[in-house]
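# mind folding the following:
(one chain, ligands or ions: 1)
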Amino acid sequence: MDSVLNVDSLTASYRKNKVLNHVNFKVQPGTLTAIVGPNGAGKSTLLKVILELHPRLSGTVSCFGSTYAQVKSRIGYVPQRGTVDWDFPTNALDVVMMGLYGRIGWLKWPKREHRELAMSALEEMGLGSYADRQISQLSGGQQQRVFLARALVQDADLYFLDEPLAGVDAATEKVIMDTLNTLKSKGRTVMVVHHDLQTVEEYFDHVLMLNRTVIAHGATAEVFNQANITRTYGGSLRWMGDRLG
Ligand SMILES: Nc1ncnc2c1ncn2[C@@H]1O[C@H](COP(=O)(O)OP(=O)(O)OP(=O)(O)O)[C@@H](O)[C@H]1O
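Numbering: from 1, shown residues only. Prediction:
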């Protein structure tokens, strides 16, 4: 089967600090992958390099057999909440509409059908009554759902989400995971930076274990084991041993 994403010998740095070193992996369509690794492992940087928001030093990234620039309308991104300027004066509905600009075209006015699409995505996220609310006046979990709604209306084939479950309550976590599973059931491919090792097996069918390079990658049932967790995190996670044997 052709891979949706092929990362080959990818190396990236911030000035002289090499953050990603010969990262190699391929992702198959219709998979839901957790990207896990300790703080500073390069998870967010990996997404930024794939999305051409940060340059690579060497290596290649191909999405659907093409460069990112050629297929970017097929790719959705939900950034880490902390990296977004929530004081930007815009309301929830307008943020969701941004996901439609690929279809509407920049500098063109959205039509009623676009507004309805954005509205129904907000409703799907349980935020129908918040459409006019300034994004700075939403809770963290609501902001996260607004960004997920924006990604949904984009109707992409490949999604990257950077810690969408960080700091959200159980109800929002369920809404987000249900949404990601729906995308997967439609054959979309989803990659999620994730920190809670306790839920990796329950939520994700694949896992990419990263610590500046790929420590392990594959089906969760095959690679998410104590040996690989220790290799990824060092000896600092001994408490997981009881669970994973
Ligand atoms: N803009 C930047 N300028 C300089 N160094 C950076 C920058 N962004 C990240 N780094 C460094 O690159 C390394 C990898 O950071 P990155 O944010 O990719 O890690 P991460 O795995 O996503 O971490 P976390 O789990 O803490 O979010 C870290 O050492 C970090 O300090």
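# tell me the spacing between K43 and Q142.
24 Å (C-beta to C-beta, to the nearest Å). Where you see a C-beta, it was placed from the backbone N, CA and C, and this is true even at glycine.
# the two: who's more crowded?
Ranked by neighbour count (other C-beta atoms under 10 Å), K43 and Q142 place K43 first, with 23 against 19.
# report pLDDT for the more buried one.
At K43, the pLDDT value in this model is 96.
# and for R238?
For R238, pLDDT reads 50.
# one more: W106?
59.
# can you check L93 too?
L93 is assigned 93 on the pLDDT scale.
# tell me how many other residues surround it.
L93 is flanked by 20 other residues according to other C-beta under 10 Å.
# from the ligand, how far off is it?
29 Å (C-beta to the nearest ligand atom, to the nearest Å).
# go on, F204?
F204 is 17 Å from the ligand, by C-beta to the nearest ligand atom.
# next, count neighbours for that residue.
Neighbour number of F204 under other C-beta under 10 Å is 25.
# and the strand or helix carrying L183, what does it pack against?
Secondary structure from DSSP states H and E places L183 in helix 170-185. On a contact count with 3 or more C-beta pairs under 8 Å, 6 or more residues apart in numbering; DSSP states H and E, helix 170-185 meets strand 32-36, helix 140-154, strand 158-162, strand 189-193.
# which helices and strands sit right next to the helix or strand harbouring G59?
Using DSSP H and E, the element containing G59 is strand 58-63. Applying 3+ C-beta pairs under 8 Å, 6+ apart, one finds that strand 58-63 contacts strand 5-14, helix 43-50.
# okay, buried residues for stretch 53-68 please.
Neighbour counts over stretch 53-68 (16 or more other C-beta atoms under 10 Å) mark H54, R56, G59, V61, S62, C63, F64, Y68 as buried.
# low-confidence ranges in this protein?
1, 102-110, 235-245 (pLDDT under 70).
# surely T45 meets L20?
Yes: the criterion here is C-beta atoms under 8 Å, and T45 meets it with L20 at 6.0 Å.
# out of those two, which sits in the busier spot?
More crowded of T45 and L20, by other C-beta under 10 Å: L20, with 24 against 21.
# just the CA atoms of stretch 86-99, as CSV, please.
Output of stretch 86-99 as CSV, limited to C-alpha atoms (Å, rounded to 0.1, in the frame of the first residue of the first chain):
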residue,chain,number,x,y,z
TRP,A,86,-5.7,33.9,21.6
ASP,A,87,-6.0,37.7,22.0
PHE,A,88,-6.3,38.0,18.2
PRO,A,89,-9.7,39.7,17.8
THR,A,90,-11.8,37.1,16.1
ASN,A,91,-14.8,35.0,17.0
ALA,A,92,-15.1,31.2,17.0
LEU,A,93,-17.1,31.0,13.8
ASP,A,94,-14.4,33.1,11.9
VAL,A,95,-11.7,30.8,13.2
VAL,A,96,-13.5,27.8,11.8
MET,A,97,-14.1,29.6,8.5
MET,A,98,-10.3,29.9,8.1
GLY,A,99,-10.4,26.1,7.5
